[in-house]
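# Here is my input, please return the structure:
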Amino acid sequence: MAGILFIISAPSGSGKSTLVSELRKQVSGVDFSVSWTTRQPRGSEESGREYHFTTREEFLRMVDAGMFLEYAQVFGNHLYGTARQSLDEARAQGHDLLLDIDVQGAAQVRAKMPEAVSIFVLPPNPKVLRTRLRNRFRAEGAVNEAELYRRLSEASKEIENYRQYGYILVNDILDRAVAQLEAIVLAERFYRNGEAIAYRSRRVLEVAAACLQQNSQERLKPVLEAFGILGESGQQQLPFGDDPDDD
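Below is the predicted model:
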């Protein structure tokens, strides 16, 4: 039985890596595609675990050879891509495959594979996102304020793409967001493959349904307003002033 392709996207610092890690601890048969990148490893990152690190020349050779399902240039000159091999290997085992990719890559994959299940993760507000990014920078060794602000500004632009995704998660309470992500995976397996849900099936389907984009508008509104996307003028604002509480 062919597996399901899940796409998960989020602004940097939204906590999607943690969500994916927790999901894979609780749900079997979900493979994770480790992306390729031309950027340098950070902190304790290891090649083959967080990313496959490679040179720009080698990455472009792989592009020319048609080895990527999707690829994009992100955050300056760094290239990121998903190898087709990950999908082939998951399908061969009948496993689902989860892609952790940005909005550019997600659009490429959806164009090629419209049956993919797409999930967008949002932080609850700019203050929480700023704190998470600052903590990440500290863990990597130093806080680069210019880079921090750039990523915050980029976050609003990415969040505007939420309409392209089938499911929406607001990652304010980790345990709840993990439960919602798990419910989405189990519900899609149920609807597409007829796979039984052994425990509290009705509740699982209800949780997943509540995360559908068309059912998430009330939950989404305060988040979009906090990021200046649903302001009274209808224009995007940048609500990222200094906040002494974050230091």
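# Low-confidence stretches in this structure?
1-2, 75-76, 198-200, 231-247 (pLDDT under 70).
# What ranges does it have for its strands?
Applying DSSP state E to the chain gives strands spanning 5-9, 30-32, 36-37, 52-53, 68-74, 78-83, 96-100, 117-122, 167-170.
# can you list these in CSV and add mean neighbour count and distance to Glu182?
The C-beta positions use only the backbone N, C-alpha and C, and glycine is treated the same way. CSV is the format used below for these (neighbours: other CB atoms under 10 Å; distance: least, CB to CB, whole Å):
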stretch, mean neighbour count, distance to Glu182
strand 5-9, 24, 12
strand 30-32, 19, 10
strand 36-37, 20, 28
strand 52-53, 15, 27
strand 68-74, 20, 25
strand 78-83, 20, 23
strand 96-100, 23, 12
strand 117-122, 24, 12
strand 167-170, 24, 11
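# Make TSV out of the ones you listed and add distance to Cys211.
Shown next, in TSV, are the strands of the chain (distance: least, CB to CB, whole Å):
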stretch	distance to Cys211
strand 5-9	12
strand 30-32	17
strand 36-37	29
strand 52-53	31
strand 68-74	24
strand 78-83	24
strand 96-100	16
strand 117-122	8
strand 167-170	5
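# Just tell me which of these ends up closest to Leu19.
For Leu19, the closest of the strands of the chain is strand 117-122, at 6.6 Å, according to CB to CB.
# For that closest one, what is the distance to the chain centroid?
6 Å (CA atoms, centre = their mean, to the nearest Å).
# Direction included, what does it pair against?
strand 5-9 (parallel), strand 167-170 (parallel) (DSSP bridges).
# Tell me which of those lies nearest to Glu50.
Among these, the nearest to Glu50 by CB to CB is strand 5-9 (15.4 Å).
# longest helix in this protein, by residue count?
Of all segments of type helix in the chain, defined using DSSP state H, the longest is helix 174-193.
# can you list contacts of that helix?
If you take CB atoms under 8 Å, 6 or more residues apart in numbering as the criterion, helix 174-193 is touched by 1, 4, 6, 8, 15, 18-19, 22-23, 26-27, 30, 96, 117, 119, 121, 167, 169-171, 195-197, 201, 204-205, 207-211.
# and if you look at stretch 118-126?
Contacts for stretch 118-126 (CB under 8 Å, 6+ apart): 6-11, 13-16, 19, 106, 110, 129, 132, 152, 155, 159, 161-162, 164-172, 177, 181, 184, 220, 222-223, 226-227, 239-240.
# In helices only, show me those residues.
Those of the contacts of stretch 118-126 lying in helices (DSSP H): 16, 19, 106, 110, 129, 132, 152, 155, 159, 177, 181, 184, 220, 222-223, 226.
# Buried only: go through those for me.
The neighbour count (16 or more other CB atoms under 10 Å) marks 16, 19, 106, 110, 129, 132, 152, 155, 159, 177, 181, 184, 220, 223, 226 as buried among the ones in helices among the contacts of stretch 118-126.
# The third one touches Ile7, doesn't it?
In this case it means Ala106. Yes: contact criterion CB atoms under 8 Å: Ala106 and Ile7 qualify, at 5.0 Å.
# Need the overlap of contacts for the two.
Listed contacts common to Ala106 and Ile7 are Leu99, Ser118, Tyr165; contacts here mean CB under 8 Å, 6+ apart.
# With distance to Gly48 added, can I get those residues in CSV?
As requested, the shared contacts of Ala106 and Ile7 are exported to CSV (distance: CB to CB, whole Å):
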residue, distance to Gly48
Leu99, 17
Ser118, 26
Tyr165, 28
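# and which of the residues you listed is nearest to Arg39?
Nearest member of the shared contacts of Ala106 and Ile7 to Arg39, counting by CB to CB, is Leu99, at 18.2 Å.
# what sits against the closest one?
When contacts are counted by CB under 8 Å, 6+ apart, Leu99 is found next to Leu5, Phe6, Ile7, Ile8, Ser33, Leu69, Thr82, Ser86, Gly105, Ala106, Val109.
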